[in-house]
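Undergrad: I would like the atomic coordinates for the input below:
(one chain, ligands or ions: 1)
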Amino acid sequence: MHEVECFHKAKRSWAHCTRACAPLPRKQEKISLFSLLHLPWLLFLSFNLTLLPIPKTRITITITITITITASYPNSSQQSQPPDPDCDGVSGKQKMAKKRKASDIEAMPMEEKADHKKKKKKKKPPMPPEPEEDHLPNAVSNFRISDPLRAKLKDKGIQSLFPIQAITFDTVLDGSDLVGRARTGQGKTLAFVLPILESITNGPAKASRKTGYGRTPTVLVLLPTRELACQVHADFDFYGGAMGLSSCCLYGGAPYQAQEVKLKRGVDIVIGTPGRIKDHIERGNIDLSQLKFRVLDEADEMLRMGFVEDVELILGKVENVNKVQTLLFSATLPDWVKHIAAKFLKPDKKTADLVGNTKMKASTNVRHIILPCTGSARSQLIPDIIRCYSSGGRTIIFTETKESASQLAGMLPGARALHGDIQQAQREITLSGFRSGKFMTLVATNVAARGLDINDVQLIIQCEPPRDVEAYIHRSGRTGRAGNTGVAVMLYDPKRSNISKIERESGVKFEHISAPQPDDIAKAVGGKAAEMIVEVSDSVIPAFKAAAEDLLNSSGLSVVELLAKALAKAVGYTEIKQRSLLTSMENYVTLLLEIGRPIFTPSFAYGVLRRFLPEEKVEAVKGLSLTADGNGVVFDVPAEDLDTYLSGQENAANVSLEVLKALPRLQQREQQSRWGRFGDGGGRGNRFSGGRGGGGRNIRFLNDRFSNGGGRGRGNWGGKRW
Ligand SMILES: Nc1ncnc2c1ncn2[C@@H]1O[C@H](COP(=O)(O)OP(=O)(O)OP(=O)(O)O)[C@@H](O)[C@H]1O
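TA: Okay, here's the model as predicted:
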């Protein structure tokens with residue numbers, strides 16, 4: 001019943017709660033505007049849904065949340081539109097003029113500048129009063145949150161709780177064990193931080209909490225990665241510090257001594273990775289017998305990584321399991337985790353699952369895109385994807401191995417790598433540089449897939465589909481957080497990757513796109529280039545005018561053509577190459593071959609090509625793939641030889657070859673192998689088996705992972721992957 005009330009609370013207020021969160025300035029205008037326009041409809045809807053009988057309550061929440069999110073943020077097609085220059089009532093020309101004015105002011109002498117500023121100041125309208133948020137159902141003031149904590153939340157611009165926080169707050173504060181699940185970026189961390197802090201300072205756990213020098217910890221939080229442990233520690237430090245609580249973070253790769261000193265002095269909250277905490281237990285540095293709270297954050301990942309024995313050992317250190325509360329959180333809770341939960345949590349545990357059986361398990365604030373690309377074209381393609389889709393924000397690129405993360409980071413200007421082979425101190429420097437905006441592209445393995453919350457990550461690129469759906473959900477969830485929107489682009493090799501499995505299991509309906517073409521790139525960066533030119537002060541004109549006139553007279557180009565070159569150069573382009581739609585390779589063109597009847601195997605298609613092309617041209621064909629409808633094959637050919645291919649078809653009856661403008665749906669690897677088309681030995685077996693033997697990757701089952709232990713510090717799945 002209690003849970004149900006919480007659900008109602010959250011349901012009623014999600015629209016308000018999103019509006020109230022101050023750290024989301026960029027999207028806030030859209031939300032407010034939307035709220036004004038649609039408030040009556042939302043209120044009507046919420047009201048009616050509230051009247052539904054209790055068993056349907058959970059469904060009603062999901063509906064309200066979904067409606068609010070999709071309505072508040074532009075859908076993917078809207079996002080892809082360039083911003084409307086007139087959307088704020090100011091035309092593009094007016095904006096340009098404004099910008100130029102700004103640069104002219106910059107060039108003014110100091111006194112004139114000051115005068116100008118004074119004049120400007122006078123015109124400023126008075127600041128509107130701060131909005132009063134107390135009326136919101138999920139307003140912080142409506143929960144048993146004490147003043148110091150409330151003040152800290154206010155400092156962070158948090159005035160109302162997110163649904164997972166609102167739903168679980170009372171449950172945790174009142175002493176229940178809990179399994180909590182919400183999509184990525186929905187605030188699960190504060191869902192345990194806030195009630196725990198209240199419980200141990202003002203609530204039920206206060207009386208039995210140890211205090212004084214050398215006190216044993218009251219709270220233990222376990223996380224799968226060092227970076228995540230540091231991040232959660234920062235939250236406990238910030239909020240707990242205000243309540244007079246001390247915390248420390250214990251993770252591998254850092255010296256023991258400083259950690260030991262802190263433990264000796266006594267701390268209230270310990271956050272860390274299972275391996276290092278186990279080490280401290282074995283060294284006799286830490287006594288967990290008096291714990292009041294145990295938290296497993298990203299529980300499934302920790303157990304998947306083979307930490308299960310360490311976790312069991314650590315959790316088993318409490319003296320009386322009836323006196324400790326255990327909380328388990330993640331955005332993904334595969335069934336097998338629920339069995340584990342049964343082992344660690346009390347039988348009367350509560351569950352708050354905001355994802356539940358809804359089809360879509362990944363973030364609904366993210367535009368999920370897939371793009372065909374071969375491994376060799378990746379490093380050329382990625383900078384253009386960043387230009388077209390990052391909106392100038394941060395990008396995280398995920399690779400499958402540590403080696404490829406380092407290699408790719410080395411190839412991309414201004415990018416840095418993050419993975420398990422990098423020294424811990426350097427990992428911390430890299431992450432803090434990325435957080436502070438020193439560099440805008442991070443190339444990482446799965447060490448960065450879980451939980452990391454970094455401001456303004458606009459774009460996620462996955463270099464190939466991950467091995468399991470959970471990895472897809474968490475990686476793509478590094479963007480689109482706390483109500484913001486983002487883009488997740490996954491590169492895939494049509495012949496090797498199995499997209500449909502991820503699509504099926506995550507509920508994501510992927511948007512299919514091809515490599516950005518010169519026009520797309522010009523559209524994406526042209527505006528920025530124009531801004532850069534306009535920002536240049538008029539004071540340069542007299543100095544450069546003569547050179548410009550010389551150039552105009554000698555180049556044989558028009559003013560517009562020359563200006564186009566200058567714009568391209570301003571954003572770093574000296575040439576833009578055409579890319580194939582199929583493999584994304586530069587200077588390749590994608591062709592469609594049809595023969596008036598279905599084509600069942602790639603080898604058959606090669607046979608057809610041989611009928612009208614010389615062997616070396618057949619050999620030069622790249623990425624040959626069957627179309628999803630089975631009526632044709634697509635492949636790439638070098639742009640310089642295009643005529644040879646097209647004219648060749650005239651020598652073969654019933655054969656049509658066409659240069660494609662858009663890529664048709666292709667058969668997935670799963671489909672192709674079902675038909676026995678992969679590695680079918682049909683003349684080009686080497687191409688189709690592609691080093692993986694066409695038999696798929698060796699995906700081990702979860703039980704294997706547990707029985708093998710995996711071991712800590714080994715990265716994932718017992719290998720040295722990340
Ligand atoms: N009530 C709130 N109002 C505004 N912002 C909030 C609120 N609660 C949390 N946030 C912000 O939302 C962001 C995401 O929170 P958090 O990292 O806890 O998400 P998560 O659900 O744990 O995501 P993941 O599953 O990826 O780990 C953080 O930047 C956090 O500060």
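Undergrad: can we go C-alpha only for contacts and neighbour counts from here?
TA: OK.
Undergrad: direction included, what does the helix or strand that contains residue 623 pair against?
TA: Residue 623 is part of strand 622-626, with elements assigned from DSSP states H and E. If you go by DSSP bridges, strand 622-626 pairs up with strand 633-638 (antiparallel).
Undergrad: what is the subsequent helix or strand relative to the partner strand?
TA: Toward the C-terminus, strand 633-638 is succeeded by helix 642-648 as the next helix or strand (DSSP H and E).
Undergrad: what is the helix or strand just after that next one packed up against?
TA: Using DSSP H and E, the helix or strand that follows helix 642-648 in sequence is strand 656-659. Other elements packing on strand 656-659 under the criterion 3 or more C-alpha pairs under 8 Å, 6 or more residues apart in numbering; DSSP states H and E are strand 588-594.
Undergrad: buried ones in the strand it packs on?
TA: Neighbour counts over strand 588-594 (16 or more other C-alpha atoms under 10 Å) mark 588, 589, 590, 591, 592, 593, 594 as buried.
Undergrad: sheet partners, orientation included, of that strand?
TA: Here, using DSSP bridges, strand 588-594 pairs with strand 633-638 (antiparallel), strand 656-659 (antiparallel).
Undergrad: return the alpha-carbon coordinates of it using CSV.
TA: Presented in CSV, the C-alpha positions along strand 588-594 are these (Å, rounded to 0.1, in the frame of the first residue of the first chain):
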residue,chain,number,x,y,z
TYR,A,588,33.8,4.2,-52.8
VAL,A,589,30.3,4.1,-54.3
THR,A,590,27.6,1.7,-53.4
LEU,A,591,25.8,-0.3,-56.2
LEU,A,592,22.7,-2.5,-56.2
LEU,A,593,22.7,-5.6,-58.4
GLU,A,594,19.4,-7.1,-59.4
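Undergrad: hmm, back to that, so which of the strands paired with strand 588-594 is the most surrounded?
TA: Stretch with highest mean neighbour count among the strands paired with strand 588-594: strand 633-638 (a mean of 24; mean count of other C-alpha atoms under 10 Å).
Undergrad: just the mean pLDDT for that one, thanks.
TA: The average pLDDT for strand 633-638 rounds to 94.
Undergrad: that older thread, now narrow the buried residues of strand 588-594 to whatever sits close to the ligand.
TA: Near the ligand, judged by C-alpha under 6 Å from any ligand atom, there are no entries from the buried residues of strand 588-594.
Undergrad: export these as CSV, with columns for distance to residue 386.
TA: Formatted as CSV, those follow (distance: C-alpha to C-alpha, whole Å):
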residue, distance to residue 386
588, 21
589, 22
590, 23
591, 27
592, 29
593, 32
594, 35
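Undergrad: could those residues go into a markdown table alongside pLDDT?
TA: Listed next are these as a markdown table, based on pLDDT from 0 to 100:
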| residue | pLDDT |
| --- | --- |
| 588 | 93 |
| 589 | 94 |
| 590 | 95 |
| 591 | 95 |
| 592 | 96 |
| 593 | 94 |
| 594 | 94 |
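Undergrad: I'd like to know which of those is nearest to residue 638.
TA: residue 588 (4.5 Å; C-alpha to C-alpha).
Undergrad: my read: that closest one touches residue 641, true?
TA: No. Counting by C-alpha atoms under 8 Å, residue 588 does not reach residue 641; the two are 9.3 Å apart.
Undergrad: can you put the strands paired with strand 588-594 in CSV and add distance to the ligand?
TA: What follows is the strands paired with strand 588-594, written out as CSV (distance: least, C-alpha to the nearest ligand atom, whole Å):
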stretch, distance to the ligand
strand 633-638, 38
strand 656-659, 42
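Undergrad: can you add distance to residue 406 and give these back as CSV?
TA: Formatted as CSV, the strands paired with strand 588-594 follow (distance: least, C-alpha to C-alpha, whole Å):
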stretch, distance to residue 406
strand 633-638, 29
strand 656-659, 37
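Undergrad: roughly how far apart are residue 203 and residue 259?
TA: 29 Å (C-alpha to C-alpha, to the nearest Å).
Undergrad: brain fart, residue 269
TA: Counting by C-alpha to C-alpha, the separation of residue 269 from residue 259 is 13 Å.
Undergrad: the two: which is more packed in?
TA: residue 269 (23 against 16; other C-alpha atoms under 10 Å).
Undergrad: pLDDT weak spots in the stretch 551-700 of the chain?
TA: 669-700 (pLDDT under 70).
Undergrad: tell me the secondary structure for residue 396?
TA: Three-state call for residue 396 (DSSP: H, G, I helix; E, B strand; the rest coil): strand.
Undergrad: what residue in the stretch 351-500 of the chain comes nearest to the ligand?
TA: The nearest approach of the stretch 351-500 of the chain to the ligand comes at residue 451, 3.2 Å away (C-alpha to the nearest ligand atom).
Undergrad: quick one: classify that residue as helix, strand or coil.
TA: With three-state DSSP as the basis, residue 451 sits in coil.
Undergrad: can you list the residues of the stretch 551-700 of the chain near the ligand?
TA: Proximity of the stretch 551-700 of the chain to the ligand, by C-alpha under 6 Å from any ligand atom, involves no residues.
Undergrad: could you pull out the strands in the stretch 351-500 of the chain for me?
TA: For the stretch 351-500 of the chain, the strands defined by DSSP state E, counting those that start in this stretch occupy 366-372, 394-398, 415-418, 441-444, 457-462, 486-492.
Undergrad: who touches the second one?
TA: Judged by C-alpha atoms under 8 Å, 6 or more residues apart in numbering, the contacts made with strand 394-398 from elsewhere in the structure are 386, 405, 437, 440-446, 449, 456-463, 475.
Undergrad: now the common contact residues for residue 269 and residue 259.
TA: By C-alpha under 8 Å, 6+ apart, the residues touching both residue 269 and residue 259 are residue 248.
Undergrad: can you name the residues bridging to residue 417?
TA: Applying DSSP bridges, one finds that residue 417 bridges with residue 443.
Undergrad: what pLDDT does it get?
TA: Note on residue 417: pLDDT of 98.
Undergrad: for it, grab the count of nearby residues.
TA: 25.
Undergrad: and it, what is it in contact with?
TA: Residue 417 makes contacts with 405, 406, 409, 430, 442, 443, 444, as judged by C-alpha under 8 Å, 6+ apart.
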